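>>> Starting from these lines, generate the structure:
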Amino acid sequence: MASRKTFLYVLAMAFLVQIGMAVDYPVGGPAGGWDTNTDLNTWAASNDFKPGDSVTFKYPTFHDVVEVTKADYDTCSGSNPLGSYTGGSTTIKLTKPGKRYFICSTPGHCAAGMKLEVDVATTSSTTAPAPVAAAPKHPKYKSIAPSLVPEAAPTTPSIDSELPIVSTPTPSPTPLSGAAGSARWAQVALGLCLGMFLILTV
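Numbering: from 1, shown residues only. Model prediction:
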């Protein structure tokens with residue numbers, strides 16, 4: 001009996017981890033879609049895709065979703081598809097890190113912008129912005145604009161010593177986009193409730 005309870009507990013925890021981490025991203029976001037009007041690559045760049053997540057394409061039946069290689073993506077060629085989907089609704093599971101490429105093979109649609117590059121990250125990492133090189137200083141003037149690199153105080157008194165030294169605090173990590181963040185927390189809450197139910201019923 002104790003081994004059965006332990007097995008169900010481990011199974012519930014594994015299920016919770018999977019539910020809590022996976023997010024389904026509607027392609028184009030709430031204001032866009034799989035069409036020629038949405039800036040799909042800007043939308044993709046604003047999301048943090050991870051293994052286990054999925055992307056859902058919603059489209060009229062005269063469109064399709066074709067997964068292609070990088071070379072075929074660049075040339076808008078759907079002649080050698082890695083996968084081809086029709087029917088108006090397609091969900092693609094992002095199973096491993098790396099880039100995946102999707103186009104609409106309807107003539108002219110890919111060239112009109114109906115193409116998507118999805119970059120699946122290896123881990124959830126936030127990167128700090130690259131340091132900005134300081135502009136050459138004119139000996140007569142001192143910038144009072146914020147800088148990413150804090151300035152050292154002058155060692156000898158000068159006319160500039162009366163100006164305040166301004167620095168910019170380190171930026172905080174970018175939060176998940178609203179829809180993705182809400183979906184992730186909703187899935188975590190659902191998973192925890194289900195896990196507690198399973199544990200209490202055993």
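>>> buried sites along stretch 28-38?
Within stretch 28-38, the residues scored as buried using 16 or more other Cβ atoms under 10 Å are 28, 29, 33, 34, 35, 38. Where C-beta positions appear, they are placed from N, C-alpha and C, glycine not excepted.
>>> do stretch 86-93 as well
Within stretch 86-93, the residues that count as buried by 16+ other Cβ under 10 Å are 90, 92.
>>> Which residues does that stretch contact?
Stretch 86-93 is contacted from outside by 24, 52-61, 64-65, 67, 83, 85, 100, 102, using Cβ atoms under 8 Å, 6 or more residues apart in numbering.
>>> let's see 10 Å
For stretch 86-93, contacts defined as Cβ atoms under 10 Å, 6 or more residues apart in numbering pick out 22, 24-27, 34, 51-67, 83-85, 100, 102, 105, 118.
>>> Just the buried ones out of the residues you listed, please.
22, 25-27, 34, 51-53, 55, 57, 59, 63-67, 85, 100, 102, 105, 118.
>>> among those residues, which are in strands?
Within the buried ones among the contacts of stretch 86-93, residues falling in strands by DSSP state E are 25, 26, 55, 57, 65, 66, 67, 85, 100, 102, 118.
>>> now those residues in TSV, with distance to residue 73?
Below are those laid out as TSV (distance: Cβ to Cβ, whole Å):
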residue	distance to residue 73
25	19
26	21
55	15
57	15
65	13
66	10
67	9
85	16
100	9
102	8
118	11
